[in-house]
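K.L.:
Quick check, what structure comes out for this input:
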Amino acid sequence: MGASMGGTAVLKVASREEVAGVITLSAPFAIEGLDAREDVKTISAPKLFIAARDDKFYARSVDLFEQLSLDPKERQIVDGSAHGTDLLSGDSGPRVQGFIVDFLRRYTE
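P.N.:
Below you'll find the model as predicted:
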């Protein structure tokens, strides 16, 4: 699991290492020399991409990751503009936490 730049990094790692699943919070498709567009195409593990609707660039990155990814994959767009780990608190916190717990229960038994 990674947030913002860390989300891009975990996609790159998951394309090269065996993982049980991948969760990103507000991950951009490219940032500071990291570009995960090709990497996300190769990840066979379950993927959950989360961003806030008004965090526009990152919400568009979720759409791109979903389009490029193999199944299983999920996308969740929540209301607001929270970015990265801020999605875990505030108004969106309980909902985002619920998405994560549900994903983990389904894929990491």
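K.L.:
Of all residues in this protein, which one is nearest the centre?
P.N.:
What sits nearest the mean C-alpha location of the chain, by CA atoms, centre = their mean, is Thr24, with 2.3 Å.
K.L.:
Between the two ends of stretch 37-46, how far is it?
P.N.:
In terms of CA to CA, to the nearest Å, the two terminal residues of stretch 37-46 are separated by 16 Å.
K.L.:
An error on my part: the question was meant for stretch 65-85.
P.N.:
Note: stretch 65-85 ends 19 Å apart using CA to CA.
K.L.:
Tell me which stretches of this structure form strands.
P.N.:
Taking DSSP state E as the criterion, the chain carries its strands at 2-3, 22-25, 30-31, 34-35, 47-52, 73-78.
K.L.:
before we move on, the earlier item: any idea of the pLDDT on the residue nearest to the residue nearest to the centre of the chain when sequence neighbours are not counted?
P.N.:
In this structure, Thr24 finds its nearest non-sequential neighbour in Gly7, 3.3 Å apart by CB to CB, 6 or more residues apart in numbering. Where you see a C-beta, it was placed from the backbone N, CA and C, and this is true even at glycine. As predicted, Gly7 sits at a pLDDT of 98.
K.L.:
how far away is Asp63 from Arg95?
P.N.:
In this view, Asp63 and Arg95 are 19 Å apart by CB to CB, to the nearest Å.
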